[in-house]
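Undergrad: Predicted model follows, preceded by the sequence.
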Amino acid sequence: MRENPSKESVHYVYVCAKQEGADEQSAQYWAAVEAQIRKEEVDDENIMDDSYDEEEEEQAEGTESAQKEGQ
């Protein structure tokens with residue numbers, strides 16, 4: 001059920017035509033595109049690993065500090 005049935009909705013329709021030779025261009029560049037995607041995935045994994053390592057270090061430092069304070 002619409003909140004405001006009197007208000008009209010606007011819809012856009014995009015019509016595209018494939019450029020001549022697009023399949024050949026896609027095939028030509030696909031290997032480079034795929035390599036870039038794989039590189040970015042590895043970079044993202046490394047960033048996540050680094051942030052996980054930093055969190056572990058911070059937790060370990062916090063545990064050490066708490067243990068020293070408790071002594």
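TA: Looks like it arrived, so ask away.

Undergrad: Now stretch 46-66: average pLDDT?
TA: Averaged across stretch 46-66, the pLDDT comes to 70.

Undergrad: how about the most centrally placed residue in the chain, phi and psi?
TA: Nearest residue to the geometric centre of the chain (Cα atoms, centre = their mean): residue 44, 8.1 Å. Main-chain torsions, residue 44, degrees, to the nearest 10: phi -60, psi -40.

Undergrad: And residue 58, by the same measure?
TA: phi -60, psi -40.

Undergrad: Then residue 18?
TA: Torsion angles, degrees, to the nearest 10, at residue 18: phi -70, psi 130.

Undergrad: gap between it and residue 30?
TA: Note on residue 18: its distance to residue 30, by Cβ to Cβ, to the nearest Å, is 16 Å. Quick note: C-beta positions are derived from backbone N, CA and C, even for glycine.

Undergrad: neighbour-wise, which of those two wins?
TA: With neighbours defined as other Cβ atoms under 10 Å, residue 18 and residue 30 compare such that residue 30 has more, 10 against 7.

Undergrad: ok, which stretches of the protein are helices?
TA: 22-70 (DSSP state H).

Undergrad: okay, now residue 10: neighbour count?
TA: Residues near residue 10, counting by other Cβ under 10 Å: 4.

Undergrad: Same check on residue 38?
TA: The number of residues packed around residue 38, counting by other Cβ under 10 Å, is 10.

Undergrad: What confidence value was assigned to it?
TA: You'll see residue 38 listed with a pLDDT of 95.

Undergrad: now swap in residue 22 and tell me
TA: If you check residue 22, the pLDDT there is 94.

Undergrad: quick one: residue 37 from residue 44, how far?
TA: From residue 37 across to residue 44, the span is 11 Å (Cβ to Cβ).

Undergrad: got the buried residues for stretch 32-46?
TA: For stretch 32-46, the neighbour count (16 or more other Cβ atoms under 10 Å) marks no residue as buried.

Undergrad: Check stretch 12-31 too.
TA: By 16+ other Cβ under 10 Å, stretch 12-31 has no buried positions at all.
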